[in-house]
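give me coordinates for this.
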Amino acid sequence: MVDETILVLAATGGQGRAVTEALLGRRARVRALVRDPERPAARELSGQGAELVAGSLTDRRSLAAAMTGVAGVFALTTPFEAGVEAEVVQGRAILAAAREAGVPHLVFSSVAGADQKSGVPHFDSKARIEAELTSGDVPYTILGPTYFFDNALGGAERILGGVLDLPLPPDRPLQQLARRDLGAFAAEVLLNPAPYLGQRVELAGDAPTPQQMAAALSATLGREVRHERVPLSAIGNPDMHAMWTFLNGPGYRVDVPSLHAAHPEVRWTSFADWVRVTFAGAR
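Numbering: from 1, shown residues only. Predicted coordinates for the structure are as follows:
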């Protein structure tokens, strides 16, 4: 077991849980920051061996208390509850707490493309946090995940009905990532920080086109799933409209072959493999 403790923020969320489980799988000591330790998802992490601490991403005092004595911190912020300005507030609270606690290594999960002046609100808010992190004195690594495979589950009902809705041309590759692979990569960075200090690493596991995604879904479900291109004009949310405009334009720029060659320790998941596991039994 790794003797030093790693703190994972928002440990019951999609990313936080993946990182927590990857660390526990490597026998690391994990301190998990959760809003409510009595919630079933938190109790489940406790049952797996994580130490639970209560706190929030905007409460500097609870963050600093949780960060005391740890070897590293996995941090993330979210705009999807209270907006992008609230996300920047979260980032500043995390950075202030890390300075106060003397955190030796902060791993911040941002987003791929945040450094491209994309004009996507939730990319730009993360870019602001990145700028404050890199100009400060807290040792850091920045991870930039691409589009998560799990995002497809927002349209699961439509997929099971035979349609994959995506606002992309059928032959346009979309770089994507399994949360499990983010967890594995983050665990490696947290447990072996020296090669990654001061680095910004963007992550993608696969780059299927919508046509290929639909074919993988068809093969697993045993019936046709066709891609239907959603017009950008039909996306009413300004943030999502900006994101899909970016993905139709410059898009992510991860050098996937080089990334995978440099990190064979991660069992990079293809979209087809993710579909086979996720939609198993849904025929």
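
what's near enough to touch the spatially closest residue to residue 162 that is not a sequence neighbour?
Distances taken as C-beta to C-beta, 6 or more residues apart in numbering place residue 225 nearest to residue 162, at 5.5 Å, with adjacent residues excluded. C-beta here means a position set from N, CA and C on the backbone, and glycine is covered the same way. Residues counted as contacts of residue 225 (C-beta atoms under 8 Å, 6 or more residues apart in numbering) are 159, 162, 163, 164, 214, 217, 218.

likewise for residue 21?
48, 183.

just the pLDDT for it.
For residue 21, the model assigns a pLDDT of 97.

now it: which helix or strand?
Element membership for residue 21, per DSSP states H and E: helix 14-25.

which positions within the next helix or strand after that helix qualify as buried?
Per DSSP H and E, the first helix or strand lying C-terminal to helix 14-25 is strand 28-34. Neighbour counts over strand 28-34 (16 or more other C-beta atoms under 10 Å) mark 28, 29, 30, 31, 32, 33, 34 as buried.

ok, stretch 128-144 next?
128, 129, 130, 133, 138, 139, 140, 141, 142, 143, 144.

looking at the residues you listed, which are in strands?
140, 141, 142, 143, 144 (DSSP state E).

which one of the residues you listed is nearest residue 13?
Lowest distance from residue 13 to those (C-beta to C-beta) belongs to residue 143, with 14.9 Å.

got a list of what the closest one touches?
Going by C-beta under 8 Å, 6+ apart, the list of residues near residue 143 reads 107, 108, 109, 110, 182, 185, 186, 189, 200, 201, 202, 203.

I figured the third one hits residue 185, correct?
It refers to residue 109. No. Between residue 109 and residue 185 there is no contact under C-beta atoms under 8 Å: 10.1 Å.

on that earlier part again, buried ones in the helix holding residue 21?
15, 16, 17, 18, 19, 20, 21, 22, 23, 24.

still on that earlier bit, buried among the contacts of residue 225? Need that as a selection in PyMOL.
Here is the PyMOL command that selects the buried residues among these (16+ other C-beta under 10 Å):
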select buried, resi 159+163+164+214+217+218
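
any chance of the contacts of residue 225 in CSV, plus pLDDT and secondary structure?
Formatted as CSV, these follow (pLDDT from 0 to 100; DSSP: H, G, I helix; E, B strand; the rest coil):
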residue, pLDDT, secondary structure
159, 97, helix
162, 97, coil
163, 98, strand
164, 98, strand
214, 98, helix
217, 98, helix
218, 97, helix
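
in terms of secondary structure, what does the lengthiest helix in the chain contact?
In the chain, ranked by residue count with DSSP state H as the criterion, the top helix is helix 84-101. Secondary-structure packing of helix 84-101 (3 or more C-beta pairs under 8 Å, 6 or more residues apart in numbering; DSSP states H and E): helix 60-67, strand 72-76, strand 106-109, helix 121-134.

which element is residue 180 on?
Counting by DSSP H and E, the element that carries residue 180 is helix 179-191.

next secondary structure after that helix?
Moving toward the C-terminus from helix 179-191, the next element (DSSP H and E) is strand 200-203.

my read: residue 66 touches residue 56, true?
No. If you go by C-beta under 8 Å, residue 66 and residue 56 don't touch, sitting 10.4 Å apart.

look at those two and report which has more neighbours.
The neighbour count for residue 66 versus residue 56, taken as other C-beta atoms under 10 Å, is higher for residue 66 (23 against 15).

list the contacts for residue 207?
173, 174, 175, 176, 256.
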